[in-house]
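Engineer: here is a sequence with its predicted model. Questions after.
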Amino acid sequence: MVKVYRKDLGFGEGTDGQNYYESDADGKFGGISLEQLIANGYTTNPTEADVGRAEAGGSIFTGVDTAADYVDSPVVSQETDGPQTPEVAEDTEIVDIDLKGIPSGAEFWNFNGQIGIIYRIPGDPNATPLRYTSSQEDLISLLGPVESKNVKFVTPSDEDWNRSLVFGNSIELYDPAIVDPTRNPWESFVGAVEKQAAVRPWLKSEEMLYLLAESTLEGRTVTDAEWESTDWWRTHTKAEREWLLLAQQVNPDTGDIMNKDALEKLYDDRITIKNAMTEAGIYNISDDVVDWVSEKFTTGVWSGNYTNEQIKLLSDPEMPGDVDTGLQTFINEGGVTFDTTRAGEQEVKDLVSKWWGPIFGGNVKDSQIEEWAGMLRNDPNGQIKLQETLKNSKKTLYPEYDADLTYEEIASPWRGFVQNAWGQSVDDSSNVMQEVIKLNDTVKANEYLFKQGIQQNIGKPVSEAISAMNAAFGSGQRSRLNG
């Protein structure tokens, strides 16, 4: 629907009492074409229509409305001794009127003819003013002709006006898609960025959020110098500051809230944390816990060492140390459950198998595994001590070999030897393989494998034996061998 405006068209004259005419069904305005109306001084731009409406010849002097209906409300001029902080000063009057669609708690300022609708940041000791720019006509549109006349203005000090943060205009203030009318505008802004605070923890600082809000409304990003001038910057770690500089930039190609490098770090760190939990023996853990821990790690709130220790504490509740209070609260409130194996037990089993092999290493009592795992957890030199213990014990298990050789180093060449002799691989846990290893003599091992091969009817030894007998006695002996 096309609307045409004119500054000398008063409220009450136009369509439905507005200061504009809407087109008829035929696209004209009371039989007059749009082109003719524009030639006669009308416009389709509502901003142009407002210019000069309070001047002579403007809408308040049409003969339909009276000047009293539209005259500006008198400005209450009061002396102030300084900025109206930290609390709302006595000369700042919060008008108790029906604000309709805009949030309650507004102050109305008039500073040298500039009108501002003011809100304060809740809990801010400086009572920082948030300013929405306005005009008398905007107030009439927002509040209505009657209500707008009841607005009482105050004159702020120069300092208060200059330190007020322009947060938008009155049209945005009235738009529920931008500002929640049930909440202070600052709370609406905070709510919009709360979802980002997990991976941008500096947004939990009011000082940093104020800086971000200011730069956002100015259509720019916060400069490094501005970040570095804050108390937050001075009181946080190098890792936290580096993440801030990386994660503050949006992706210029896609418009995502983070650039490619920051998103890749988020994803890669999450994989690292999940793998670390699995390796520590934590299973079936909630993705929410993985996300929570990885976000602390990525953002620099937790150092690498602290993160590793927390993962160990989760995997082994009996390990000395305390689970991070925030992590414990997150787990408790979320009813998170997961399975763990005692930290260090798998490492012990791997070391035992490495030095003792599958036979001796596979028969160690659980109580012994637990004892050695405790040594690894609580003694910085625990792994070295355990390896010395296993190495010394290996001397009695495999006395034919050098003490520094692991079971794997001993068994590896003999596996190929046995496979060549029998034409098939043999499991390390078999008696045959263990006997060959203990013999540690190729001649004796060949004789042993040949005899065992015949007894166990292994293809290659049997075939070789038949060939040897045929050569010595003729083919007639085959039936006796197969007997």
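Structural biologist: Thanks, I have the structure now. Residues are numbered from 1 along each chain as shown.
Engineer: what segments of the stretch 201-350 of the chain are helices?
Structural biologist: In the stretch 201-350 of the chain, the segments counted as helices under DSSP state H, counting those that start in this stretch are 206-217, 224-228, 231-234, 238-247, 260-279, 287-298, 304-315, 325-334, 345-361.
Engineer: and those as TSV, adding mean pLDDT and distance to V432?
Structural biologist: Any C-beta I mention is one placed from the backbone N, CA and C, and that applies to glycine too. Converted to TSV, the helices of the stretch 201-350 of the chain look like this (pLDDT from 0 to 100; distance: least, Cβ to Cβ, whole Å):
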stretch	mean pLDDT	distance to V432
helix 206-217	74	71
helix 224-228	89	70
helix 231-234	92	70
helix 238-247	89	57
helix 260-279	89	35
helix 287-298	92	47
helix 304-315	91	40
helix 325-334	89	51
helix 345-361	84	12
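Engineer: adding distance to G382 and mean neighbour count, write those out as CSV.
Structural biologist: Shown next, in CSV, are these (distance: least, Cβ to Cβ, whole Å; neighbours: other Cβ atoms under 10 Å):
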stretch, distance to G382, mean neighbour count
helix 206-217, 44, 17
helix 224-228, 44, 13
helix 231-234, 41, 14
helix 238-247, 29, 16
helix 260-279, 17, 16
helix 287-298, 25, 19
helix 304-315, 13, 18
helix 325-334, 26, 13
helix 345-361, 10, 19
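Engineer: so how many other residues sit close to the closest residue in space to I117 that isn't next to it in sequence?
Structural biologist: Of all residues not flanking I117 in the chain, Y132 sits nearest, at 4.3 Å (Cβ to Cβ, 6 or more residues apart in numbering). Residues near Y132, counting by other Cβ atoms under 10 Å, number 24.
Engineer: which outside residues touch the helix or strand where W372 lies?
Structural biologist: W372 is part of helix 366-378, with elements assigned from DSSP states H and E. Residues from elsewhere that reach helix 366-378 (Cβ atoms under 8 Å, 6 or more residues apart in numbering): 312, 316, 319-320, 342-345, 347-349, 352, 382-383, 385-386.
Engineer: now with 10 Å, please.
Structural biologist: 312, 315-316, 318-320, 341-349, 351-352, 364-365, 381-383, 385-386, 389-390 (Cβ atoms under 10 Å, 6 or more residues apart in numbering).
Engineer: CA atoms of the strand or helix carrying L449 as CSV?
Structural biologist: Using DSSP H and E, L449 sits within helix 442-455. Listed next in CSV are the C-alpha coordinates belonging to helix 442-455 (Å, rounded to 0.1, in the frame of the first residue of the first chain):
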residue,chain,number,x,y,z
THR,A,442,68.5,-72.5,15.8
VAL,A,443,69.8,-76.1,15.5
LYS,A,444,67.9,-77.2,18.5
ALA,A,445,64.9,-75.2,17.5
ASN,A,446,64.9,-76.8,14.1
GLU,A,447,65.0,-80.3,15.5
TYR,A,448,62.3,-79.4,18.0
LEU,A,449,60.0,-78.0,15.4
PHE,A,450,60.5,-80.9,13.1
LYS,A,451,59.5,-83.4,15.8
GLN,A,452,56.6,-81.3,16.9
GLY,A,453,55.5,-80.8,13.3
ILE,A,454,55.4,-84.6,12.7
GLN,A,455,53.5,-85.2,16.0
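Engineer: look up phi and psi at F167.
Structural biologist: Geometry field for F167 lists phi and psi as phi -110, psi -10, criterion degrees, to the nearest 10.
Engineer: how about low-confidence regions in the stretch 301-450 of the chain?
Structural biologist: Along the stretch 301-450 of the chain, the parts satisfying pLDDT under 70 run over 339-343.
Engineer: on the three-state scheme, G116 is what?
Structural biologist: State at G116, reduced to three classes by DSSP: H, G, I helix; E, B strand; the rest coil: strand.
Engineer: how far away is it from V154?
Structural biologist: 10 Å (Cβ to Cβ, to the nearest Å).
Engineer: one more: P413?
Structural biologist: 94 Å.
Engineer: identify all contacting residues around stretch 319-337.
Structural biologist: Residues outside stretch 319-337 that contact it (Cβ under 10 Å, 6+ apart): 284-286, 288-289, 292-293, 296, 301-302, 306-307, 309-310, 312-314, 317, 338, 342-344, 374, 377-378.
Engineer: tell me how far the closest residue to D138 other than its chain neighbours lies from G116.
Structural biologist: Nearest non-adjacent residue to D138, counting by Cβ to Cβ, 6+ apart: S170, 4.5 Å away. Per Cβ to Cβ, S170 is found 9 Å from G116.
Engineer: identify the contacts common to these two.
Structural biologist: What both S170 and G116 touch, as defined by Cβ under 10 Å, 6+ apart, is the set Y132, T133, S134.
Engineer: in the helix or strand V462 falls within, what's buried?
Structural biologist: Using DSSP H and E, V462 sits in helix 459-473. Buried residues in helix 459-473, defined by neighbour count with 16 or more other Cβ atoms under 10 Å: K460, P461, V462, M469.
Engineer: which one of these is nearest S229?
Structural biologist: Ranked by distance to S229 (Cβ to Cβ), those are led by K460 at 81.4 Å.
Engineer: do you know the pLDDT at that closest one?
Structural biologist: Here the pLDDT value assigned to K460 is 83.
Engineer: re earlier: quick one: the helix holding W372 to helix 345-361, angle?
Structural biologist: Counting by axes from the mean of the first three to the mean of the last three Cα atoms, to 10 degrees, helix 366-378 lies at 140 degrees to helix 345-361.
Engineer: buried stuff in the helix or strand immediately after helix 366-378 in the chain?
Structural biologist: Per DSSP H and E, the first helix or strand lying C-terminal to helix 366-378 is helix 382-397. Buried residues in helix 382-397, defined by neighbour count with 16+ other Cβ under 10 Å: G382, Q383, L386, L390, K394, L397.
Engineer: can you check what angle separates the helix holding L449 from helix 459-473?
Structural biologist: With the same axes, to 10 degrees defining the directions, helix 442-455 sits at 90 degrees from helix 459-473.
Engineer: go through helix 442-455 and flag the buried ones.
Structural biologist: A445, Y448, L449, F450, Q452, G453.
Engineer: roughly how far apart are the first one and S412?
Structural biologist: What it means is A445. Distance from A445 to S412, counting by Cβ to Cβ: 15 Å.
Engineer: how many neighbours does Q434 have?
Structural biologist: Neighbour number of Q434 under other Cβ under 10 Å is 19.
Engineer: and the residue lying closest to it once chain neighbours are set aside, how far from Y398?
Structural biologist: Nearest non-adjacent residue to Q434, counting by Cβ to Cβ, 6+ apart: I359, 5.9 Å away. In this view, I359 and Y398 are 11 Å apart by Cβ to Cβ.
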